[in-house]
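Asks: Sequence first, predicted model second:
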Amino acid sequence: MTQSAPAKFRVIIVGAGPVGLYLTHALLRANINCLVLEKDESVFRHQGAGLVLFPQTIRLLDQIGLYEKAIGHCDIYPNVTDVLARNGQVIRSTSLWSILGERHAYPPTGFSRGQFIALLYENLPEKETRIKTGAAVVDIETHENGVKVHLKDGSVEEGSAVIGIDGAYSKTRRIMQRLAQTPPDTYPMIAAYQGLYGRFRPYAGLQKGTFYQSRGSGIVLQTMAGEETGYFAFLRAIPPTAEPKRYTSEERDRVADELANIAAAPGVSFKDIWDRTFKETAALASQEEGYCDKWYRGRIALAGDAAHKNTSSMGMGVNMGISSAAVLANELYRTLQSEPDPSTEAVENAFARYQETRDSEASEQHIQGRLHVRRLTWETWADWFSDRIVFPWVSVETVAGSVGEVIKRGQILEYVPFEDRKVEVPWVHTPVTR
């Protein structure tokens, strides 16, 4: 049975994306009261974006009873094939993701963002009262015993702490940094890439169960070919900008036309995929990179893209965010066990431990993510040399071992009893058993 924490403490979560919804599940498992504020009128948005969940994230879903429910709403991609964008020539093809699944109990799994949000939302207890949509945050007040979150409609939500999981241009982060009067971040959110993504009908030229990665000068196209549907994400370099931008469907279609002749796979052009794309799922968006120096101040903390963000090229964004959410939940649970009505100092100490626990891995992944997208898009001669000359000779065992180092350090909710599945590579963090 799940252990409980006092219910008086109330956490206000800003943002009902995958990380915010997972954190809600995790807090409720600890009997920690919480409310999610979502600025949009619906939690179901960005239907065309594909997500890859790695074993450490699927394990966390398994712990809260969602893994079995996810089967049938996702695709498994055992194979990874790298090709050249100019002609579709195969650089290498491996069973990397199959190897990861064998070693870590769960294979990397593909979802649409909409499917994953639906999984988390539909299985959330008391979801009608836990999530407030159309609730844009305009300001946050902090005081000795709690917080007041002011919303655009004039209403105020009161709580004990605020956790901002509201994206790269986080309103929570801007308010927190204003209150703390902190200097600019060392790596502020900058968009140096533009992303075009969507969902498409199956195409005979793509091998089902394969993740394709096509690269060239200034561009990378990643395509997941599933059983009944596929997903693509196209990144291309743009002049760096700190200004958020929303693109029109006309701009989206123009970019798709410009990229039409890029090879997605041998004998398959991007035009072949675009012609089969459900256009209502397709979107053009900025792809930001940035790293917040400090993720907390008093009773306010940040997680997910609000704290650190890379482009989608490595597919680690949601995975990193959910791992951070698990650590946040653990720290709040521990604090409430010893102090049911914690002081601001106690809450801030919990948030400090959270960043201390996550900072090393998050900063390393931030660095690796920046290097990864630049290698794939051949930003410099050295990047081209690394990708075209060195990378093909790196064994799949070496790559699996490197990725496995991240996977095996996956987090676990320390207060939720759980029997781990059999693995070849032991987990660093183990759960309490039933």
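Replies: Sure thing, it's come through.

Asks: Please report the distance of the spatially most distant residue from the centre of the chain from E345.
Replies: Relative to the centre of the chain, the most outlying C-alpha is that of E144, 32.8 Å out, by C-alpha atoms, centre = their mean. Using C-beta to C-beta, to the nearest Å, we find E144 at a distance of 10 Å from E345. All C-beta spots, glycine's among them, are computed from the backbone N, C-alpha and C.

Asks: got it, and F270?
Replies: F270 is 54 Å from E345, by C-beta to C-beta.

Asks: Look at these two and report which has more neighbours.
Replies: F270 (25 against 9; other C-beta atoms under 10 Å).

Asks: how about the nearest residue to that one, chain neighbours excluded?
Replies: Excluding the flanking residues, the one nearest F270 by C-beta to C-beta, 6 or more residues apart in numbering is I262, at 4.6 Å.

Asks: Correct me if wrong: that neighbour contacts S217.
Replies: No - contact criterion C-beta atoms under 8 Å: I262 and S217 do not qualify, at 11.1 Å.

Asks: ok, these two, which is more surrounded?
Replies: I262 (22 against 13).

Asks: re the thing from before, what's the residue farthest from the centre of the chain in contact with, if anything?
Replies: 343-344 (C-beta atoms under 8 Å, 6 or more residues apart in numbering).

Asks: Quick one: residues contacting V255.
Replies: Per C-beta under 8 Å, 6+ apart, neighbours of V255: 194, 196, 234, 236, 284.

Asks: if you set the cut-off to 7 Å instead, what comes out?
Replies: Contacts for V255 were tallied using C-beta atoms under 7 Å, 6 or more residues apart in numbering; they are 196, 284.

Asks: any idea how far the residue lying closest to T133 once chain neighbours are set aside lies from Y121?
Replies: Computed as C-beta to C-beta, 6+ apart, the closest residue to T133 that is not its neighbour in sequence is E38, at 4.8 Å. E38 is 10 Å from Y121, where distance means C-beta to C-beta.

Asks: Geometric centre of the protein: which residue is closest?
Replies: Nearest to the chain centroid, counting by C-alpha atoms, centre = their mean: V318, 1.5 Å.

Asks: Phi, psi for that one please.
Replies: As for V318, its main-chain torsions (degrees, to the nearest 10) stand at phi -60, psi -40.

Asks: who's more crowded, E38 and Y121?
Replies: Taking other C-beta under 10 Å, E38 and Y121 do not tie; E38 has more neighbours (22 against 18).

Asks: who touches the strand or helix carrying I99?
Replies: Counting by DSSP states H and E, the element that carries I99 is helix 96-104. Helix 96-104 is contacted from outside by 55, 77-78, 80, 107-108, 211, 396, 399-400, 403-404, 407, 423-425, using C-beta under 7 Å, 6+ apart.

Asks: for stretch 330-337, same thing?
Replies: Counting by C-beta under 7 Å, 6+ apart, 5-6, 9, 30, 32, 342, 346-347, 350, 353-354, 413-415 sit against stretch 330-337.

Asks: For the stretch 201-350 of the chain, just list every one of the strands.
Replies: Here the stretch 201-350 of the chain has its strands, by DSSP state E, counting those that start in this stretch, at 210-216, 219-225, 230-241, 263-265, 268-269, 283-291, 296-297, 300-302, 308-309.

Asks: Compare those and give me the one nearest S160.
Replies: strand 300-302 (11.2 Å; C-beta to C-beta).

Asks: who does that closest one touch, helix- and strand-wise?
Replies: The helices and strands touching strand 300-302, judged by 3 or more C-beta pairs under 7 Å, 6 or more residues apart in numbering; DSSP states H and E, are strand 161-164, helix 171-180.

Asks: Out of these, which is closest to T430?
Replies: Closest to T430 of these, according to C-beta to C-beta: strand 161-164, at 25.6 Å.

Asks: Identify the bridge partners of the residue nearest to Y212 when sequence neighbours are not counted.
Replies: Closest residue in space to Y212, ignoring its immediate chain neighbours: T223 at 4.3 Å, by C-beta to C-beta, 6+ apart. For T223, the beta-bridge partners are Y212, F232 (DSSP bridges).

Asks: so T223 makes contact with F232?
Replies: Yes - under the criterion of C-beta atoms under 7 Å, T223 makes contact with F232 at 4.7 Å.

Asks: who touches both of those two?
Replies: I273.

Asks: does G321 really touch A306, like I thought?
Replies: No - G321 is beyond contact range of A306, at 9.1 Å (criterion: C-beta under 7 Å).

Asks: more crowded one of those two?
Replies: A306 (30 against 26).

Asks: measure that one to Y296 for me?
Replies: Counting by C-beta to C-beta, the gap from A306 to Y296 is 11 Å.

Asks: and if you look at F211?
Replies: For F211 relative to Y296 (C-beta to C-beta), the value is 36 Å.

Asks: highest average neighbour count across the strands of the stretch 201-350 of the chain?
Replies: Most buried of these, by mean neighbour count (mean count of other C-beta atoms under 10 Å): strand 300-302, with a mean of 29.

Asks: Confirm V432 sits in a helix?
Replies: No - V432: not assigned to a helix; according to DSSP: H, G, I helix; E, B strand; the rest coil it is coil.
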